[in-house]
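> Okay, sequence plus prediction incoming.
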Amino acid sequence: MATSRLLRTSAALLAATALLISGCSSGSSSAGGEASPGGGTEAGVQRPAEDASLAPLPAATPSGLRPYYDQKLSWHSCGVADFECATMKAPLDYAKPSADTDLKLAVARKKATGPGSRIGSLLVNPGGPGGSAIDYLQQYAPQPAAVRARYDMVAMDPRGVARSAPVECLTDKQMDRYTQTDVTPDSPAEVNKLISAYRSFAKGCASRAGKLLQHVSTIEAARDMDVLRAVLDDDKLNFVGASYGTFLGATYAGLYPSRVGRMVLDGAMNPVLDSRTVNVDQTAGFNTAFRAFAADCIKHKDCPLGTKSVDDAGRQLSALFKKLDAHPAATGEERKLTESLATTGVIAAMYDERAWPVLRDYLGQAEAGNGRGLLTLSDSYYERDPNGTYANQMYANPAVNCLDLASAFNGPGQVRAALPSFRKASPVFGENFAWAALNCAYWPVKPTGTTHRIEAEGAAPILVVGTTRDPATPYTWAKALAAQLSSATLLTYDGDGHTAYGRGSTCIDRAINNYLLKGTVPPKGTHCK
């Protein structure tokens with residue numbers, strides 16, 4: 001899939017956006033951290049039981065967890081003006097808490113600035129899974145002055161992410177090779193090479209991350225959030241989550257409905273969907289985003305995809321990918337622009353329509369044989385620094401996704417059988433997304449989650465936000481989540497790009513800010529532009 005977590009060349013465009021990695025998907029995980037029955041499978045697709053719903057945890061804190069809930073954080077300066085940081089302990093395994101295996105989770109906050117009375121803490125998460133909430137808060141969080149004045153702004157890197165016991169899998173050089181793997185195999189040999197890459201990646205994660213891989217589920221991350229709520233001395237959890245962060249927030253609401261404060265879920269996910277459906281839906285979402293880009297591009301005389309039609313622009317992009325598959329383009333460095341890297345670069349620009357002019361320019365360069373621009377976009381997506389160092393998001397992402405939900409496919413035969421549905425969803429990206437969805441089939445840890453509804457009966461009003469042409473979290477998902485949550489109101493942004501808050505819509509920002517400051521949800525059926 002693809003977390004809210006990204007364009008280094010225009011950081012403000014995508015760095016504040018959650019990233020959902022194609023080929024991965026987020027589902028639900030059992031509250032106890034143990035394998036859950038339910039939903040059986042058919043041809044590798046996990047089906048939700050019609051009445052399956054996430055059950056809340058007991059209100060009383062188990063005695064074994066009391067030391068975590070009673071801990072005191074030691075705050076200190078962390079090098080960013082007005083921010084302070086701390087380390088919070090959490091059990092590796094909530095079913096068997098032990099100080100010998102405790103995780104150390106990184107937390108940062110910026111205290112309410114005033115004027116006005118302090119409402120409480122506001123926890124933010126940018127998605128991913130795997131996006132650093134601390135980086136997001138310190139660098140890009142769009143919360144306006146009025147919100148910062150009334151809340152302590154707080155972020156915690158989830159378990160397995162960034163500063164919180166990060167999952168590691170490959171060396172930087174190995175990751176370079178992995179990102180160049182052909183994800184649209186044209187022969188049995190190329191299929192075997194792709195499977196070998198998935199196996200090697202999984203083996204590296206198992207070797208480097210060890211037991212942590214069994215305990216990075218969304219359920220466990222949501223339970224960590226409740227420990228943080230208590231440690232911050234808040235009766236309720238106030239939360240703004242984007243993309244995968246909406247699944248994390250909704251999961252918290254399902255587990256602790258009575259502890260929900262003001263909760264914004266922007267770019268919502270739908271927890272009842274099986275992994276294959278999620279991937280097909282997302283493929284269609286990126287197709288919608290590409291067609292919007294193409295419709296804009298062909299209005300420009302210099303559009304590198306021509307000026308005839310949106311369909312023709314799609315054919316031109318497919319032809320470029322095919323050309324790069326046969327002859328990767330020079331980039332001015334040892335790495336060349338392969339078809340896979342070029343596709344990733346284009347996908348990265350679909351997250352924010354403000355990146356479209358940049359993409360037009362870089363596509364033109366690629367057509368002329370210069371792959372540097374698209375490689376830069378791809379590197380931003382993969383969080384690869386210019387010095388060749390990767391952040392851990394690309395490792396944490398499958399670690400969470402492959403644990404949360406069963407793989408979309410069990411082997412290449414199932415991918416081939418599903419190719420028509422993926423190609424129908426997107427003639428340009430369908431094949432890539434289908435083969436990318438095979439990665440969890442080779443994961444070294446069995447999934448602990450199943451699909452289910454999240455109703456959160458008894459929760460305070462929750463605000464779900466959906467964008468009509470969102471590539472990574474299709475609008476239908478927001479409508480579905482809002483319908484599931486018993487206290488949810490849907491706020492719609494009629495626009496392009498991934499997520500809506502802080503991206504330029506005065507209507508959206510006003511509605512969300514009013515909710516965060518006053519607790520008032522917008523009228524039912526509110527649409528913004």
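That came through, no problem. Numbers count the residues shown, from 1 in each chain.
> hey, let's count contacts and neighbours off CA atoms from now on
Noted.
> Report the contact partners of residue 59.
By CA atoms under 8 Å, 6 or more residues apart in numbering, the residues touching residue 59 are residue 256.
> ok so it is a strand residue?
No - counting by DSSP: H, G, I helix; E, B strand; the rest coil, residue 59 is not found in a strand; it is coil.
> Tell me, what's the model's pLDDT at it?
We note a pLDDT of 93 for residue 59 in this prediction.
> how near is it to residue 226?
11 Å (CA to CA, to the nearest Å).
> same thing with residue 448?
Distance from residue 448 to residue 226, by CA to CA: 20 Å.
> Looking at these two, which one has more neighbours?
residue 448 (25 against 21; other CA atoms under 10 Å).
> just checking, that one touches residue 400?
No - Residue 448 lies out of contact with residue 400 (CA atoms under 8 Å); the separation is 10.4 Å.
> what residues do those two have in common as contacts?
Common neighbours of residue 448 and residue 400 (CA under 8 Å, 6+ apart) are residue 217.
> Now name the helix or strand holding the closest residue to residue 443 other than its chain neighbours.
Leaving aside its sequence neighbours, residue 443 sits nearest to residue 202 (CA to CA, 6 or more residues apart in numbering; 5.3 Å). Using DSSP states H and E, residue 202 maps to helix 188-209.
> what's the burial count for residue 188?
10.
> any idea how far it lies from residue 416?
Here the criterion is CA to CA. By it, residue 188 lies 12 Å from residue 416.
> Also residue 275?
16 Å.
> Contacts only, for residue 162.
Contacts for residue 162 (CA under 8 Å, 6+ apart) come out as 130-132, 391-393.
> and if you look at residue 360?
Applying CA under 8 Å, 6+ apart to residue 360 gives the contacts 297, 303-304.
> which stretches of the stretch 251-400 of the chain form helices?
Shown for the stretch 251-400 of the chain, the helices assigned by DSSP state H, counting those that start in this stretch span residues 275-297, 310-326, 339-349, 356-367, 372-382, 393-404.
> and residue 431, which of these is closest to it?
For residue 431, the closest of the helices of the stretch 251-400 of the chain is helix 275-297, at 9.4 Å, according to CA to CA.
> Name the residues of the closest one that come out as buried.
Within helix 275-297, the residues that count as buried by 16 or more other CA atoms under 10 Å are 275-297.
> Can you read off the pLDDT for residue 79?
Reading off the model, residue 79 has pLDDT 87.
> what does residue 52 give?
We have a pLDDT of 87 for residue 52.
> what residues are up against it?
Here residue 52 is in contact with 451-453 (criterion: CA under 8 Å, 6+ apart).
> Redo those as CSV? Include secondary structure, neighbour count and pLDDT.
Shown next, in CSV, are the contacts of residue 52 (DSSP: H, G, I helix; E, B strand; the rest coil; neighbours: other CA atoms under 10 Å; pLDDT from 0 to 100):
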residue, secondary structure, neighbour count, pLDDT
451, coil, 28, 95
452, coil, 25, 95
453, strand, 24, 97
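> could I get the residues you listed as TSV with distance to residue 212?
Output for the contacts of residue 52, formatted as TSV (distance: CA to CA, whole Å):
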residue	distance to residue 212
451	22
452	24
453	27
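> Look at residue 185 and give its secondary structure.
Quick answer, by three-state DSSP: residue 185 is coil.
> Let me know how buried residue 213 is, in neighbour terms.
Applying other CA under 10 Å, we find 23 residues neighbouring residue 213.
> So it, which state does it fall into?
helix.
> And it, how far from residue 79?
30 Å.
> One more: residue 435?
For residue 435, the distance to residue 79 - CA to CA - is 42 Å.
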